[in-house]
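Student: Below is the sequence, then the predicted model.
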Protein chains: 2
Amino acid sequence: MLYSSMLGKTKKEAPKDEESISAQLLLRGGFIQKEIAGVYTFLPLGYKVLQKIIQIIREEMNAIGGQEMLLGSLQGKDIWETSKRWGDEEVDVWFKTKLKNGTELGLAFSHEEPLVNVLSKEIKSHRDLPLYAYQFQNKFRNELRAKGGLLRTREFIMKDMYSFDKSEADFEIFYEKAKQAYIKVFNRVGIGEKTYLTFASGGSFSKFSHEFQTVCSAGEDTIYVSKEKNLAVNKEVFTDEVLQELGLDKKSLEEVKAVEVGNIFPLKTKFSDAGNLKFSDKNGEEQKVIMGCYGIGPSRLMATVIELYHDNNGMVWPENIAPFQIHLVGLNLEDETTNKYAYEIYNKLLEAKVDVLFDNRVDASAGQKFADADLIGIPTRVVVSKKLGQDLEVKKRGEESSKQLDMRGFLGLFK
Amino acid sequence: MLYSSMLGKTKKEAPKDEESISAQLLLRGGFIQKEIAGVYTFLPLGYKVLQKIIQIIREEMNAIGGQEMLLGSLQGKDIWETSKRWGDEEVDVWFKTKLKNGTELGLAFSHEEPLVNVLSKEIKSHRDLPLYAYQFQNKFRNELRAKGGLLRTREFIMKDMYSFDKSEADFEIFYEKAKQAYIKVFNRVGIGEKTYLTFASGGSFSKFSHEFQTVCSAGEDTIYVSKEKNLAVNKEVFTDEVLQELGLDKKSLEEVKAVEVGNIFPLKTKFSDAGNLKFSDKNGEEQKVIMGCYGIGPSRLMATVIELYHDNNGMVWPENIAPFQIHLVGLNLEDETTNKYAYEIYNKLLEAKVDVLFDNRVDASAGQKFADADLIGIPTRVVVSKKLGQDLEVKKRGEESSKQLDMRGFLGLFK
C-alpha cells in the first residue's frame, strides 16, 4: 500500500475526551475514528488489524469443531420473554426499536435465546449432538457511559461461541478444549504472558465462570493474581471460602487492574430449559441439552494489545496482528535515482507477497516520516535514502539498533 | 465436513409463509432459518455461500483500488439532519433507538453521511484524493412488508463503496471502472448472462443511476431489455425521451421482471456539500469533492442465484459459490469394507484440500441421501457403495449421466 493514497493518515493530536492511551494512539495513528460516544470507525489500518485478530480466533474455533454461522441483530420479544431477559429491569443494556406496525424489537446484546430457538428446529435426537456454533456479529450494548475507546463500546463485533452437549461430562471435555483454544488465541495475539485464567462469578446458575484477564493499568477489573499457579481470582468472588477451594494462599496473591479479554461460561440448562431445547437419548427418553458460552471481543483485544505494547513514540504491534509487516520509508524521493530504487524495492516486496506500507510522500520530512513510522508501529522499518545508496537500513520497532543490508540480503529475509 | 455433525440439516417442508422459491429451497436445504419477518439466520451451509460471494466482491473492489474499512451501525442525528435525511418523512425505512440519556440514534440504512464525516477529517488537499472506500456492514431497513426471503430483508450485509474524486472527469473514469468490476462480480457469481446494466432514476441530483438487473420472475422490478445492445431501462424512466437519448427502438425491447442485484449512483456533490467536504487544489483554492456510491447485497445475490439455478429437486449451485465442491455420498456404511473405503476417500479429499461434504449417515436411506444431495445442490456428487466396490460414481448436479472412476482416476481430477 502506498501511504500517499491510503485512507487514514496520522494526526498531530487525539481528541481531548479520549482517556485511554490505546484510543489516543489508534486515533492519532489513523487506525480508527470516533463517530459518536462508544461507536468507532475502523479505517483501513485498523480494519486490517481487526481482520487479523478475527482470523486467528476463527482458526482456533474451527480447530475445536466450531461451525461458523450468523444470527440476526434485530430480535423479537417472544423468545427473550421466555428466558426473562426482555425487560429493561432484567437487562439494562438493551437498545430497543420498533417496526412500522409498532412491534417492539431489540438489538442483540448477546445471542443465547435466538440460537437456542434456531437449534430447537435442528436438534431432535442424540445423533444431532454435540454442536458447537459461533459467529462474528455486531453486539449492541446501551452502556451508560462509553469511555476507554475500544475497551468498552456501545457497538462491537463479538465472537460468541455456544456449545450444546448431551451430558455434563461431554460439556466438561469441550469446556476444557475451549479454555485451551482461548489460551492459544491470546498467545498468538501476543498477550499470553500477561493474561490469566481468572475465576469469576458464575451468576445464578453456575458457581464460577472463567474470565481471561490481561494485567493492564487501563483495566476496569480488579483481580488477584497467583503467578505461581498461573491463575487469578476476580474481586467479585474474592472470599476466604473461594481461596480455600482453589488452594490459594491470600499472602501470595497480587492485586492488579486487568482487562477482561475473554469469558467462558457454563450455562448448564438455563437457556435450553427456557427455550425448551431437548433431545431424545438412545432409549428414546427426553433429555436436556447442556450449554456453555464463550466470548471474545476482537476490538477490545486490539486495544488491550496497544495498552501493553506502546512507548512514548507510539504503538508496537506484535508480528501476528500488525497491519503490515514492513514499513518502507522512502527519503529524498525528489532525487530520481533514489525514487526509482525505492519503488523497485516496494515492487519486489509486493512480488514476494510481503505486506508492505510504503511511505512514498515527497512532501513530508524525514523527521515526520520516522515519527509516523514509530506511531503506526509496524514491526520492521526499512529506509531507502540518497545517503544509503543501494543499501537499506533495517530496524525493528522498539529496538535502538539498526543494520544495513543490500537489496539481495534484505529480500533474502523473505525467501 | 461430516454431514452427521453439521449444524443445519435438510427439512421436509418449508414454512408456508415463504413465497419465494429461493427462500423455500434455502430453508429446506438447511442453509438459513427465519428468525423474525425479514431477519434470517445463516446456518453453516448458507454462511459458506455468503462468505464466498463476499470474497468475490472484495477481490473485485480491491482490484479497482477500493480500501476496506468499517463504519458503525449506530448513527447520531446531527450529520443526517445536515443532509436532510434524518426525518421519517424524508427517509421511511429508519429504525430509531435511544441512549439511556434519551439521545436519539438511528440504525444505518446507508452510510453516505457518516463516511463523509469521517473523510472530512482526512481530506485536506488534492494530494489526499482520490479515495475509494468500501465495507461489508449490516444495513437496517424498516420495510413495511418483508417478503421474498433473502430478496428483501430488514437486516442484511451490504457491500457499499463510495468514491471521492477531485473532478467530474476523474469520477467518470472511476465510475466506468466500477461498472466493469460489477460486471465481473456477476459473471463470477454465475448470473452474468441474465444480468443487464439498466438505466434507472438518478433521483434529484443526477439524470440516471445504473442498476444491475437480473431477469427473473421473482423480481420486484419491471425492466425493458434490449438484448441487441445488452442493456435495459427501468420502468421508472421508461419514456420516449429516454429511449431516444439511449438510441433504443421501443419495438425491439422486451418487458421482463428483474431483481436489482446492484446499483451504482453518481452522487455529485449532494453529500459532500451537506457535510462540507472540500479540498484545496494545486492553487490553494477550495474545491468540491465529487462522489459516487456503489452497492451490492451479497444475500440478495445468493437468493437470485437460486431463483435462476434450481430444478424440481433442489438448488444447482454454480462452482464459484457452491458451499462445497464435492458431495460425497456414502451408501451401505453398515458394511465395514465400504465404510472404511468411504472414509478413506473422504480423508484423501481433505488432504488434497478439496472442500467436501461427506454424507456419512448410517441411519438414512440411499433415496434420502440422493434427495438431500439434489436439494443442497453441490456441483459434483460422488457415490461410494458396496455394489460399486472400489469404484466411484461421479455425477454433476443438473446432469443425468454419471461416470464410474477408480480412486486414482477420481483423485486425479484434483491434481
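Tutor: The structure has been received and is ready for your questions.

Student: Quick one: name the residues of the stretch 101-250 of chain A near chain B.
Tutor: A:105, A:107, A:114, A:117-119, A:121-122, A:127-128, A:130-131, A:133, A:138, A:140, A:142, A:144, A:154-155 (Cβ under 8 Å from any Cβ of the partner chain). (Glycine included, C-beta is placed from N, CA and C.)

Student: Buried ones among those residues?
Tutor: Those of those that meet the buried threshold are A:105, A:107, A:114, A:117-119, A:122, A:128, A:130-131, A:133, A:138, A:140, A:142, A:154-155, by 16 or more other Cβ atoms under 10 Å in any protein chain shown.

Student: So which of these sit within helices?
Tutor: Residues of these located in helices (DSSP state H): A:114, A:117, A:118, A:119.

Student: Residue A:23 falls within a helix, correct?
Tutor: Yes. When DSSP: H, G, I helix; E, B strand; the rest coil is applied, residue A:23 is found to be in a helix.

Student: just checking, it touches residue A:302?
Tutor: No. Between residue A:23 and residue A:302 there is no contact, the gap being 10.8 Å when judged by Cβ atoms under 8 Å.

Student: Could you check which residue of the stretch 251-400 of chain A lies nearest chain B?
Tutor: At 7.0 Å from chain B, residue A:363 is the closest residue in the stretch 251-400 of chain A, using Cβ to the nearest Cβ.

Student: looking at this, that residue is in a helix?
Tutor: No. Under the criterion used here (three-state DSSP), residue A:363 is coil, not part of a helix.

Student: On the pLDDT front, check the residue nearest to it when sequence neighbours are not counted for me.
Tutor: Nearest non-adjacent residue to residue A:363, counting by Cβ to Cβ, 6 or more residues apart in numbering or on different chains: residue B:127, 7.0 Å away. Predicted confidence (pLDDT) for residue B:127: 95.

Student: what's the answer for residue A:246, then?
Tutor: The confidence metric pLDDT takes the value 93 at residue A:246.

Student: Name all residues that make contact with the one residue sitting closest to the centre of chain A.
Tutor: Closest to where the C-alpha atoms of chain A average out (Cα atoms, centre = their mean) is residue A:298, at 2.0 Å. By Cβ atoms under 8 Å, 6 or more residues apart in numbering or on different chains, the contact set of residue A:298 is A:50, A:53, A:54, A:57, A:136, A:157, A:158, A:159.

Student: Including secondary structure, could those go into JSON lines?
Tutor: Conversion of these to JSON lines gives the following (three-state DSSP):
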{"residue": "A:50", "secondary structure": "helix"}
{"residue": "A:53", "secondary structure": "helix"}
{"residue": "A:54", "secondary structure": "helix"}
{"residue": "A:57", "secondary structure": "helix"}
{"residue": "A:136", "secondary structure": "strand"}
{"residue": "A:157", "secondary structure": "strand"}
{"residue": "A:158", "secondary structure": "strand"}
{"residue": "A:159", "secondary structure": "strand"}
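
Student: Save these as TSV, and put in pLDDT and neighbour count too.
Tutor: Putting the contacts of residue A:298 into TSV (pLDDT from 0 to 100; neighbours: other Cβ atoms under 10 Å in any protein chain shown) gives the following:
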residue	pLDDT	neighbour count
A:50	98	24
A:53	98	25
A:54	98	17
A:57	98	25
A:136	98	17
A:157	97	18
A:158	98	21
A:159	98	24
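
Student: all helices of chain A, in order?
Tutor: Counting by DSSP H, the segments of chain A that form helices are A:21-29, A:44-63, A:78-82, A:112-119, A:168-189, A:240-246, A:270-274, A:298-308, A:336-351, A:366-376, A:407-412.

Student: List the buried residues in the second one.
Tutor: For helix A:44-63, burial by neighbour count (16+ other Cβ under 10 Å) applies to A:44-54, A:56-58, A:60-61.

Student: Now do the contacts for residue A:206.
Tutor: Here residue A:206 is in contact with A:265, A:266, A:267, A:268 (Cβ under 8 Å, 6+ apart).

Student: near chain B, which residues of the stretch 251-400 of chain A?
Tutor: Taking Cβ under 8 Å from any Cβ as the criterion, the contact residues of the stretch 251-400 of chain A with chain B come out as residue A:363.

Student: Roughly how far does the residue lying closest to residue A:228 once chain neighbours are set aside sit from residue A:234?
Tutor: The spatial neighbour of residue A:228 that comes closest, neighbours along the chain excluded (Cβ to Cβ, 6+ apart), is residue A:252 at 6.4 Å. Shown here: residue A:252 relative to residue A:234, a distance of 17 Å by Cβ to Cβ, to the nearest Å.

Student: Check residue A:329 too.
Tutor: 45 Å.

Student: picking that back up, would you mind putting the contacts of residue A:206 into a markdown table with neighbour count and pLDDT alongside?
Tutor: Formatted as a markdown table, the entries for those read as follows, by neighbours: other Cβ atoms under 10 Å in any protein chain shown; pLDDT from 0 to 100:
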| residue | neighbour count | pLDDT |
| --- | --- | --- |
| A:265 | 23 | 93 |
| A:266 | 22 | 95 |
| A:267 | 23 | 95 |
| A:268 | 18 | 94 |
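
Student: and of the residues you listed, the nearest to residue A:166?
Tutor: Sorting these by distance to residue A:166 puts residue A:268 at the head of the list, at 13.4 Å, by Cβ to Cβ.

Student: Tell me who's in contact with the closest one.
Tutor: Taking Cβ under 8 Å, 6+ apart as the definition, contacts of residue A:268 comprise A:205, A:206, A:290, A:291.

Student: Please verify my assumption that the third one contacts residue A:169.
Tutor: This points to residue A:290. No. Under the criterion of Cβ under 8 Å, residue A:290 lies out of contact with residue A:169, with a separation of 9.2 Å.

Student: So between these two, which is more surrounded?
Tutor: Neighbours per residue, other Cβ atoms under 10 Å in any protein chain shown: of residue A:290 and residue A:169, the larger number sits with residue A:290, 24 against 9.

Student: Let me see the backbone angles for residue A:400.
Tutor: Comment: the main-chain dihedrals of residue A:400 come out as phi -80, psi -40, following degrees, to the nearest 10.

Student: what number of residues lie near it?
Tutor: Counted with other Cβ under 10 Å, residue A:400 comes out at 6.

Student: follow-up on the earlier one: with neighbour numbers in mind, choose between residue A:252 and residue A:234.
Tutor: Neighbour totals were compared for residue A:252 and residue A:234, and residue A:234 leads with 22 against 12 (other Cβ under 10 Å).

Student: Residue A:198 is in contact with that one, correct?
Tutor: Yes. With contacts defined as Cβ under 8 Å, residue A:234 counts as touching residue A:198 at a distance of 5.4 Å.

Student: shared neighbours of those two, which are they?
Tutor: Between them, residue A:234 and residue A:198 have A:211, A:213, A:223 as joint contacts when contacts are counted by Cβ under 8 Å, 6+ apart.

Student: which ones among the residues you listed are found in strands?
Tutor: Among the shared contacts of residue A:234 and residue A:198, the residues falling in strands (DSSP state E) are A:211, A:213, A:223.

Student: Does the second one touch residue A:263 like I think?
Tutor: No. Under the criterion of Cβ under 8 Å, residue A:213 lies out of contact with residue A:263, with a separation of 9.5 Å.
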